[in-house]
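Participant: Let me see the structure of the following:
(one chain, ligands or ions: 1)
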Amino acid sequence: MESVISLKSVSKRFGQTIALEDVSIDIPAGVVFALLGENGAGKTTLIRILTGFLNPDSGDATVLGHPCDKAGLSIRQAIGYVSDSPALYEWMRPEEIGWFTSAFYDQGFLQRYQQLIVDFDVPGGVRLKNLSKGQRAKVALALATAHDPQLLILDEPTSGLDPMVRRQFLESMVDRAALGRTVLLSSHQINEVERVADWIGILHQGHLKLVEPLDELRSSTSIVTATLDDSCAVAALPAGKVLMESKNGRQLRWVVKGLSDDWKNSYGEDSGVTNLSAVPATLEEIFVAVCDSRASRPQIEVS
Ligand SMILES: Nc1ncnc2c1ncn2[C@@H]1O[C@H](COP(=O)(O)OP(=O)(O)OP(=O)(O)O)[C@@H](O)[C@H]1O
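Facilitator: Here you go, the predicted model:
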């Protein structure tokens, strides 16, 4: 089946700054895909390429089968998109902008928009320039979702929303995916994302460090801890891909992907290591391990 979003070896620089380097992703239909990354990781650049606002220096990007560099307008008409700073007609009221925008879409748009505005508790008769940041974000979200698009792209969708609306909004993304729609959202809110995402992509300094279904990522990544007999000794790494190692006195901690079932066998009585244990890693722990360049012996594969 064709991917809803496909990026093949996409790179983009701004002068000396590498915003994206050789990024390839295929996102299937019917999933919530969360793009995570620190400030400046390249998330917005990737979204601007997908929505045709920016062309890559090299590589190919398609959305719903359309090439992003040539069909930006068609893509933006077909999808729902909310940027990190949505531009709205400030002098309009929410009820007016809904009515105005409905002219570009099918008959159901206005009814769905009005329902969303009620659900989000936005006052329909106040000018947009006089609404709070969160209320404006809700209007932008309602406009982007009221035509029930196949694909919804959201750059930092929950910033400015209060906790109740965030929860309601994120749950509605899961409902969309269950109906076969696809949602791509960029976020810093790792804990929130962990509750709703099916797939995770982690960008770090323009490089896609990881892209995987969240279930597989969680079940394959462990936090391994151990105690050294002598704090000056060096312990063998556990068998698997060590994403990060940290040491605090005699305490060792590793984040390991694909920890082998018999990993404890490598630590015999004379290994100088005791109190071995492994627990599943949280998404936040995985994110830090992938992005933290201070890890002392990072990204090592031990077999
Ligand atoms: N128009 C531009 N001109 C110059 N540099 C840019 C431009 N747009 C982005 N960059 C640079 O590209 C890199 C990636 O920026 P981008 O906005 O994609 O990051 P981001 O992951 O969305 O960050 P944040 O989470 O802070 O919004 C940054 O170093 C940024 O300074």
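Participant: what about the helices in the stretch 101-250 of the chain?
Facilitator: Taking DSSP state H, counting those that start in this stretch, the helices of the stretch 101-250 of the chain run over residues 108-119, 133-145, 163-178, 190-196, 214-220.
Participant: how much space is there between residue 248 and the ligand?
Facilitator: Residue 248 sits at a distance of 30 Å from the ligand (criterion: C-beta to the nearest ligand atom, to the nearest Å). No exception for glycine: its C-beta is placed from N, CA and C like everyone else's.
Participant: Three-state assignment for residue 60, please.
Facilitator: With DSSP: H, G, I helix; E, B strand; the rest coil as the basis, residue 60 sits in strand.
Participant: and it, how many neighbours does it have?
Facilitator: Other residues lying near residue 60 total 14 when counted by other C-beta atoms under 10 Å.
Participant: Of the helices of the stretch 101-250 of the chain, which is nearest the ligand?
Facilitator: The ligand lies closest, by C-beta to the nearest ligand atom, to one member of the helices of the stretch 101-250 of the chain: helix 190-196, at 12.7 Å.
Participant: mean confidence for that closest one?
Facilitator: Mean per-residue pLDDT for helix 190-196: 87.
Participant: CA atoms only: put that helix into CSV for me.
Facilitator: C-alpha atoms of helix 190-196 as CSV (Å, rounded to 0.1, in the frame of the first residue of the first chain):
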residue,chain,number,x,y,z
ILE,A,190,6.9,13.3,25.2
ASN,A,191,4.6,12.1,28.0
GLU,A,192,1.5,13.2,26.1
VAL,A,193,2.7,11.7,22.9
GLU,A,194,3.4,8.4,24.5
ARG,A,195,-0.3,8.1,25.3
VAL,A,196,-1.5,8.6,21.7
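Participant: hang on, the earlier thing: JSON lines for the helices of the stretch 101-250 of the chain, including mean neighbour count and distance to residue 8?
Facilitator: What follows is the helices of the stretch 101-250 of the chain, written out as JSON lines (neighbours: other C-beta atoms under 10 Å; distance: least, C-beta to C-beta, whole Å):
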{"stretch": "helix 108-119", "mean neighbour count": "17", "distance to residue 8": "34"}
{"stretch": "helix 133-145", "mean neighbour count": "21", "distance to residue 8": "26"}
{"stretch": "helix 163-178", "mean neighbour count": "15", "distance to residue 8": "24"}
{"stretch": "helix 190-196", "mean neighbour count": "17", "distance to residue 8": "25"}
{"stretch": "helix 214-220", "mean neighbour count": "15", "distance to residue 8": "22"}
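Participant: Near residue 103, how many other residues are there?
Facilitator: By other C-beta under 10 Å, neighbour count at residue 103 equals 8.
Participant: scratch that, residue 270
Facilitator: By the criterion of other C-beta under 10 Å, residue 270 has 7 neighbours.
Participant: if we can go back for a sec, can you put the helices of the stretch 101-250 of the chain in JSON lines and add distance to the ligand?
Facilitator: Converted to JSON lines, those look like this (distance: least, C-beta to the nearest ligand atom, whole Å):
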{"stretch": "helix 108-119", "distance to the ligand": "25"}
{"stretch": "helix 133-145", "distance to the ligand": "15"}
{"stretch": "helix 163-178", "distance to the ligand": "17"}
{"stretch": "helix 190-196", "distance to the ligand": "13"}
{"stretch": "helix 214-220", "distance to the ligand": "20"}
